[in-house]
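Peer 1: here you go, sequence then predicted model.
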Amino acid sequence: MAKQKTAYVCNDCGSDYTKWQGQCSDCGAWNSLAELRLGPTPSNRSAKFDGYAGSAESELKTLSDIDLADVPRFSSGTSEFDRVLGGGLVPGSVVLIGGHPGAGKSTLLLQTLCYLAQTMPALYVTGEESLQQVAMRAQRLGLPTASLKMMSETSAESICAAAQKMQPKVMVVDSIQVVHMADVASAPGSVSQVRESAAFLTRFAKQTGTVLVLVGHVTKEGSLAGPKVLEHMIDCSILLEGSNDSRFRTLRGSKNRFGAVNELGVFAMTELGLKEVKNPSAIFLQRGDQVASGSLVMVMWEGTRPLLVEIQALVDDSHMGNPRRVAVGLDQNRLSMLLAVLHRHGGIMVGDQDVYVNVVGGVKVVETSADLALLLAVVSSFRDQALPQDLMVFGEVGLSGEIRPVPSGQERLREAAKHGFKRAIVPAANATKSGVAGMEVVAVKTLAEALDAI
Ligand SMILES: [Zn+2]
């Protein structure tokens, strides 16, 4: 008889233990370990190993003989989605889409599948909504519903059995948190259930060449539930973000075995579902004719393209002993650090002021190229002097007040010129002699020089 194995899995972070313990030593959570009975390993498995890498018959090849054009991809129907996927969907790949409830994950996938179903067999498995609810949404969005196959099911075994019969090219499972397997003892949604179900579905996708899209909900902290568990299994992890009060949604890849990560896709939520935004710079830059103080435009680099965003700052007298530092869309600690640099190397003291900074449009800036724009916006608000409307700024600020270059400087300058910006303050190392047509580029080496330039 095959031996049954037992493991203990933390329900918070997904760490594995061979013995039960009161506290997870990885994430520190108390009483979060649950028993996970792993099914007996089949002993009569065929001599061939079936790994994750695909079901194709293994043969030895020289590295140079491998045909690079061989990765077959097909379009998801929207170029913004394709961009984040690295050029389209790859057969046999597993894509995880995460996001807050209401972000539009189900809408995006329903749209995509209705489109794909017109040319290939596609299956939408819903475990959270009833079939009627999904059908009502499809009707409301005016989608072509004639060929998409639907199923309401939460058992991983039943899903795969149905898919085996139907042989879809694309399958969506909405969501992985409600899928369960019969021989796993814990409740649906727990890390061990998510892990075992995802592994089961992934194996099915790899062996049949089906594109599997899993929907995952995010926790309060903004990470996917059981992230570590799923991370190594899936090929591509994508997060759909956007606040409920904003019309815009961003799709961002955090892992992709078939393309560049950190690609950004932009969508607008309309009555007819998510519509792709092909020129995102234009929407994030809707400014009035009269620009107030504290507003400045920078170019950030997202994956493989530049994106113009507006940074706003508000500096006001503080009436508290501990002035506030609030950053929305930017890193709060970095803001504090930059304000210290501003005092020490720029001679501008905002220690008795509340400082609020915000990136317009709900965009998140994670790169350091926003440093200089942020500080100049703060100074503009502090002095109550509006900066020229056609001014664009980027550059990293170092702790000794030096302005450091950022990657893809020329592309950023060209993008700004394309959108009608006439002046730019950039790191000296990013400014070339030939310059950019129609643009006056001020190259700066230190923060003091940058402050002189405005
Ligand atoms: Zn843990």
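Peer 2: Perfect, I can see it now. Numbers count the residues shown, from 1 in each chain.
Peer 1: so how far does stretch 418-429 reach from one end to the other?
Peer 2: Stretch 418-429 has its terminal residues 21 Å apart, counting by CA to CA, to the nearest Å.
Peer 1: in it, what's buried?
Peer 2: With burial defined by 16 or more other CB atoms under 10 Å, the residues of stretch 418-429 counted as buried are His419, Phe421, Arg423, Ala424, Ile425, Val426, Pro427, Ala428. C-betas here are computed from N, CA, C, even on glycine.
Peer 1: residues from this structure in reach of the ion?
Peer 2: Residues of the chain found near the ion (CB under 5 Å from the ion) are Cys10, Asp12, Cys13, Ser15, Cys24, Asp26, Cys27, Ala29.
Peer 1: tell me the contacts of the fourth one?
Peer 2: Residues in contact with Ser15 (CB atoms under 8 Å, 6 or more residues apart in numbering) are Val9, Cys24, Ser25, Asp26, Cys27, Lys228.
Peer 1: minimum distance to the ion, which residue of the stretch 51-200 of the chain gives it?
Peer 2: Among all residues of the stretch 51-200 of the chain, Val191 sits closest to the ion, at 8.8 Å; criterion: CB to the ion.
Peer 1: where does the prediction get shaky in this protein?
Peer 2: Scanning the chain for pLDDT under 70 picks out 1-4, 38-58, 68-71, 219-229, 243-245, 286, 288.
Peer 1: if we can go back for a sec, want to throw the contacts of Ser15 into a markdown table with neighbour count, secondary structure and distance to Leu251?
Peer 2: Output for the contacts of Ser15, formatted as a markdown table (neighbours: other CB atoms under 10 Å; DSSP: H, G, I helix; E, B strand; the rest coil; distance: CB to CB, whole Å):
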| residue | neighbour count | secondary structure | distance to Leu251 |
| --- | --- | --- | --- |
| Val9 | 26 | strand | 30 |
| Cys24 | 21 | coil | 32 |
| Ser25 | 9 | coil | 35 |
| Asp26 | 15 | coil | 30 |
| Cys27 | 13 | coil | 28 |
| Lys228 | 17 | helix | 22 |
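Peer 1: and the longest helix that the chain contains, what's buried?
Peer 2: The residue-count maximum for a helix in the chain (DSSP state H) belongs to helix 191-208. Judged by neighbour count (16+ other CB under 10 Å), helix 191-208 contains these buried residues: 191-206, 208.
Peer 1: with stretch 312-320 instead?
Peer 2: Counting neighbours by 16+ other CB under 10 Å, the buried set in stretch 312-320 is Gln312, Ala313, Leu314, Val315.
Peer 1: gap between the last one and the ion?
Peer 2: By that I understand Val315. Distance, Val315 to the ion, using CB to the ion, to the nearest Å: 41 Å.
Peer 1: can you confirm that residue is in a strand?
Peer 2: Yes. Val315: assigned to a strand according to DSSP: H, G, I helix; E, B strand; the rest coil.
Peer 1: can you pull up the bridge partners for it?
Peer 2: Assessed by DSSP bridges, Val315 has beta-bridge partners Val355.
Peer 1: contacting residues for it?
Peer 2: So, once contact is read as CB under 8 Å, 6+ apart, Val315 ends up touching Gly294, Val350, Gln353, Asp354, Val355, Tyr356, Val378, Ser381, Phe382.
Peer 1: nearest to the ion, of the residues you listed?
Peer 2: Nearest to the ion, judged by CB to the ion, of the contacts of Val315 is Tyr356 at 35.3 Å.
Peer 1: mind saving the C-alpha coords of the one helix or strand Val215 maps to as CSV?
Peer 2: Using DSSP states H and E, Val215 maps to strand 211-217. The C-alpha coordinates for strand 211-217 follow below in CSV (Å, rounded to 0.1, in the frame of the first residue of the first chain):
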residue,chain,number,x,y,z
VAL,A,211,-4.3,28.1,-21.4
LEU,A,212,-5.5,28.2,-17.8
VAL,A,213,-6.4,31.6,-16.3
LEU,A,214,-6.9,31.6,-12.5
VAL,A,215,-8.6,34.4,-10.7
GLY,A,216,-7.3,35.2,-7.3
HIS,A,217,-8.5,37.6,-4.6
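Peer 1: partner strands of that strand and their direction?
Peer 2: Strand pairing for strand 211-217, using DSSP bridges, gives strand 94-99 (parallel), strand 170-174 (parallel).
Peer 1: what is the neighbour count of the closest residue to Met320 other than its chain neighbours?
Peer 2: The spatial neighbour of Met320 that comes closest, neighbours along the chain excluded (CB to CB, 6 or more residues apart in numbering), is Asp354 at 7.9 Å. Here the count is done by other CB atoms under 10 Å, and Asp354 has 17 residues near it.
Peer 1: got the contact list for Asp354?
Peer 2: Per CB under 8 Å, 6+ apart, neighbours of Asp354: Leu314, Val315, Asp316, Asp317, Ser318, Met320, Pro323, Arg324, Arg325, Val326.
Peer 1: ditto for Arg305
Peer 2: Leu264.
Peer 1: Ala386: which element?
Peer 2: If you go by DSSP H and E, Ala386 is not part of any helix or strand.
Peer 1: I figured it hits Ser293, correct?
Peer 2: Yes. With contact defined as CB atoms under 8 Å, Ala386 and Ser293 form a contacting pair (4.7 Å).
Peer 1: quick one, phi psi at Pro168?
Peer 2: phi -70, psi 160 (degrees, to the nearest 10).
Peer 1: could you find the closest non-adjacent residue to it?
Peer 2: The spatial neighbour of Pro168 that comes closest, neighbours along the chain excluded (CB to CB, 6+ apart), is Leu123 at 4.0 Å.
Peer 1: repeat that for Thr432.
Peer 2: Excluding its sequence neighbours, the residue lying closest to Thr432 (CB to CB, 6+ apart) is Gln410, at 6.6 Å.
Peer 1: ok, now Asn256?
Peer 2: Nearest non-adjacent residue to Asn256, counting by CB to CB, 6+ apart: Cys236, 4.7 Å away.
Peer 1: roughly how far apart are the one you found and Val406?
Peer 2: Using CB to CB, to the nearest Å, Cys236 is found at 27 Å from Val406.
Peer 1: next: Ile454.
Peer 2: 19 Å.
Peer 1: just Ala260 next, same as before
Peer 2: Distance of Ala260 to Val406, given as CB to CB: 18 Å.
Peer 1: comparing these two, which residue is more hemmed in?
Peer 2: Neighbour count, other CB under 10 Å: between Ala260 and Val406, Val406 has more, with 23 against 13.
Peer 1: doesn't the more buried one fall inside a strand?
Peer 2: No. Under the criterion used here (three-state DSSP), Val406 is coil, not part of a strand.
Peer 1: tell me who's in contact with it.
Peer 2: Going by CB under 8 Å, 6+ apart, Val406 touches Trp301, Glu367, Thr368, Ser369, Phe394, Gly395, Glu396, Arg412, Pro427, Asn430.
Peer 1: quick one: the helices in this protein?
Peer 2: Under DSSP H, the chain gives helices at 79-85, 105-116, 131-140, 156-166, 191-208, 227-231, 280-284, 332-346, 371-383, 409-418, 447-453.
Peer 1: beta partners for the residue nearest in space to the middle of the chain?
Peer 2: Against the mean C-alpha coordinate of the chain, by CA atoms, centre = their mean, the closest residue is Arg252 at 2.6 Å. For Arg252, the beta-bridge partners are Leu239, Leu264 (DSSP bridges).
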